[in-house]
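*Asks:* next come a sequence and a model predicted from it.
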Amino acid sequence: MDRIVDLRSDTLTRPTEAMWDAMHHAEVGDDVYGEDPTVTRLQELAAHKVGMEAALYVPSGTMGNTAAMLAHTHPGEEMIAEELAHIYCWEAGTYANIAGLTVRSVQGDQGIFTPQQFEEVLRPANAHFPRTTLLCLENSHNNAAGAVWSVDEMAAVTDVARNNGLNVHLDGARVFNAATTLGVDVKQITATVDSVMFCVSKGLSAPVGSLLCGTRQFIDEAHRARKRLGGAMREAGVIAAAGVVALENMVDRLAEDHETARLLAEGLGAIDGITATRAPRPTNIIMVNVADLGWTTTDLVERWAAAGIKCNPRPPHGVRLVTNRHASQQDVAYVLDVTREMVRSVAIAAG
Ligand SMILES: Cc1ncc(COP(=O)(O)O)c(C=O)c1O
C-alpha cells in the first residue's frame, strides 16, 4: 500500500527524534526504591503543570484511573460518571472488579451534564443505598466526539460534589487538548478537582505512560494502589524521559491536530450521506456516520482499508477518527478524495 493514513487513535503516535534522544541518554535508577531521577523529574514536572502537590508515573491511563478509584474510595461505595465515560465503559469493568464500586451514570448532552442532572442521581444517606463518594469527570470526553467541559461547567458540578462530600477525579487522558480548545492554562481546568490522570502517550506522542496527580497524601495512597496493580516499574526513566519531552515540547502543537480534525470533519460532512460530528467545543476526535448512504460500519471500514485509511469502528453505522501528529493536511485531502470517489462509484454501481 502506497499510503497509510491511520486515524484509529492518537495513541499510535511514535516518539519524536527528541524523545528517542532523551530515552537514549536518560539517567535511570530503580524507581521502586525512588531512585530514578528521570521518573522523579517527570512526576515533579507533571504536578507543576497541573498545579498539584504530587504526581505518580503509571504505565497506562487505565491504571491511573484505577489507582485513583482505589485511593479515593472503599469497596462497596458508589461512583458517579457520565454514561459513555471511559472509566465506566472502556476499562474492562475495573471500577467493579478491582475497586469494588458500583456506578450510577448521568446521561450527558454530548458528554456534558448539568449540576441539576448530577443532583438528580445523588441519593440521600439511607441503608438501602451504597455511599456515594466519588464523581469522575472526563475532559476531553473521548466517546462524546472529544467534547470539552468549560471551566465553569466543571466548577458547577464539582461544587455540588463538594457540598455532598464527594471527591472529584478527572479522567484527563486528553486534558491538554481540552486546555488548547478553551485557550486556558491546564491549571484552570484541574483547579476544580481533587485528582487528575493525564496521558503522555496520546497526542503528546510519548511511547508509554500516564501521570496521576493530586495531594501528597492522595499520591501516597495511589502509590500503594499502583503496587497492588503491578504497576511499580524499575528503571522506568528510559520511558519517562520521553514523557518529559512530551510535556515540555509537545503541548503547543496539539492545536495542529484540532485544525486537521476541523478540515477532515468539514470535508467529510460536505459529502452527501455522510455526517461528521465534532463536539461544540471540538478537539481532535470526529464521529462519522454513514447510515444515510445505506452503509454499515463494516462497509466503510473495509472500503477505507482498501485505500490504506484506518479508523475505529463504532457500529452499526459509525466510525471514530482521531487526528494526530502523523496525519497531515495532505492526508486529509487524500481521505476526502478517496471517500468522494468511493461514494460516487458505489452510487453508480447501485444504478
Ligand atoms: C478518556 C480516556 N481515559 C482513559 C484512557 C485509558 O488510557 P490507556 O489506553 O493508556 O489505558 C483512554 C484511552 O484511550 C481515554 O481515551
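*Replies:* Nice, I can see it. Bear in mind that the values here come from a model prediction, so they are computed numbers and not experimental data.
*Asks:* and the residue of the stretch 151-300 of the chain found nearest the ligand, what does it touch?
*Replies:* Of the stretch 151-300 of the chain, the residue with the smallest distance to the ligand, taken as C-beta to the nearest ligand atom, is A173 at 3.4 Å. Where C-beta positions appear, they are placed from N, C-alpha and C, glycine not excepted. If you count contacts by C-beta atoms under 8 Å, 6 or more residues apart in numbering, A173 has them with 61, 86, 138, 142, 197-199, 202, 210.
*Asks:* ok, A333 to A144 distance?
*Replies:* Here A333 is placed at a distance of 28 Å from A144 (C-beta to C-beta, to the nearest Å).
*Asks:* need the residues of the stretch 1-150 of the chain near the ligand, please.
*Replies:* By the criterion of C-beta under 6 Å from any ligand atom, the positions of the stretch 1-150 of the chain lying close to the ligand are 60-62, 65, 86, 138, 142.
*Asks:* make JSON lines out of those and add pLDDT and distance to S9.
*Replies:* Shown next, in JSON lines, are those (pLDDT from 0 to 100; distance: C-beta to C-beta, whole Å):
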{"residue": "S60", "pLDDT": "98", "distance to S9": "13"}
{"residue": "G61", "pLDDT": "98", "distance to S9": "12"}
{"residue": "T62", "pLDDT": "98", "distance to S9": "14"}
{"residue": "N65", "pLDDT": "99", "distance to S9": "17"}
{"residue": "H86", "pLDDT": "98", "distance to S9": "12"}
{"residue": "E138", "pLDDT": "98", "distance to S9": "16"}
{"residue": "N142", "pLDDT": "98", "distance to S9": "10"}
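*Asks:* of all the residues you listed, which two lie farthest apart?
*Replies:* In terms of C-beta to C-beta, these reach their longest pairwise distance at S60 and E138, which sit 15.7 Å apart.
*Asks:* can you find the helix or strand of the protein with the lowest average pLDDT?
*Replies:* Taking mean pLDDT, DSSP states H and E as the measure, helix 329-349 is the helix or strand of the chain with the lowest mean score, a mean of 94.
*Asks:* extract the C-alpha set from it and format it as PDB.
*Replies:* As requested, C-alpha coordinates have been extracted for helix 329-349 and formatted as PDB (Å, rounded to 0.1, in the frame of the first residue of the first chain):
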ATOM      1  CA  GLN A 329      -3.400  18.100   5.800                       C
ATOM      2  CA  GLN A 330      -2.300  16.300   2.600                       C
ATOM      3  CA  ASP A 331      -3.600  13.100   4.200                       C
ATOM      4  CA  VAL A 332      -6.900  14.800   4.800                       C
ATOM      5  CA  ALA A 333      -7.100  15.800   1.200                       C
ATOM      6  CA  TYR A 334      -6.300  12.200   0.300                       C
ATOM      7  CA  VAL A 335      -9.100  10.800   2.600                       C
ATOM      8  CA  LEU A 336     -11.600  13.300   1.100                       C
ATOM      9  CA  ASP A 337     -10.700  12.400  -2.500                       C
ATOM     10  CA  VAL A 338     -10.900   8.600  -1.800                       C
ATOM     11  CA  THR A 339     -14.200   9.000   0.100                       C
ATOM     12  CA  ARG A 340     -15.900  11.100  -2.600                       C
ATOM     13  CA  GLU A 341     -14.800   8.600  -5.300                       C
ATOM     14  CA  MET A 342     -16.000   5.700  -3.200                       C
ATOM     15  CA  VAL A 343     -19.400   7.200  -2.600                       C
ATOM     16  CA  ARG A 344     -19.700   8.100  -6.300                       C
ATOM     17  CA  SER A 345     -18.700   4.600  -7.600                       C
ATOM     18  CA  VAL A 346     -20.900   2.800  -5.100                       C
ATOM     19  CA  ALA A 347     -23.800   5.000  -6.200                       C
ATOM     20  CA  ILE A 348     -23.100   4.300  -9.900                       C
ATOM     21  CA  ALA A 349     -22.900   0.600  -9.300                       C
END
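*Asks:* that older thread, can you tell me which of the residues of the stretch 1-150 of the chain next to the ligand lies nearest to I112?
*Replies:* For those, the closest approach to I112 (C-beta to C-beta) belongs to E138, at 10.0 Å.
*Asks:* measure M342 to the ligand for me?
*Replies:* Between M342 and the ligand the computed distance is 28 Å (C-beta to the nearest ligand atom, to the nearest Å).
*Asks:* with adjacent residues omitted, what lies nearest to that residue?
*Replies:* R303 (5.2 Å; C-beta to C-beta, 6 or more residues apart in numbering).
*Asks:* what about R320, neighbour count?
*Replies:* Using other C-beta atoms under 10 Å, R320 is surrounded by 19 other residues.
*Asks:* what's the pLDDT at the closest residue to N249 other than its chain neighbours?
*Replies:* Of all residues beyond its chain neighbours, the one nearest N249 is A18 (6.3 Å), with distances taken as C-beta to C-beta, 6+ apart. The model reports A18 with a pLDDT of 98.
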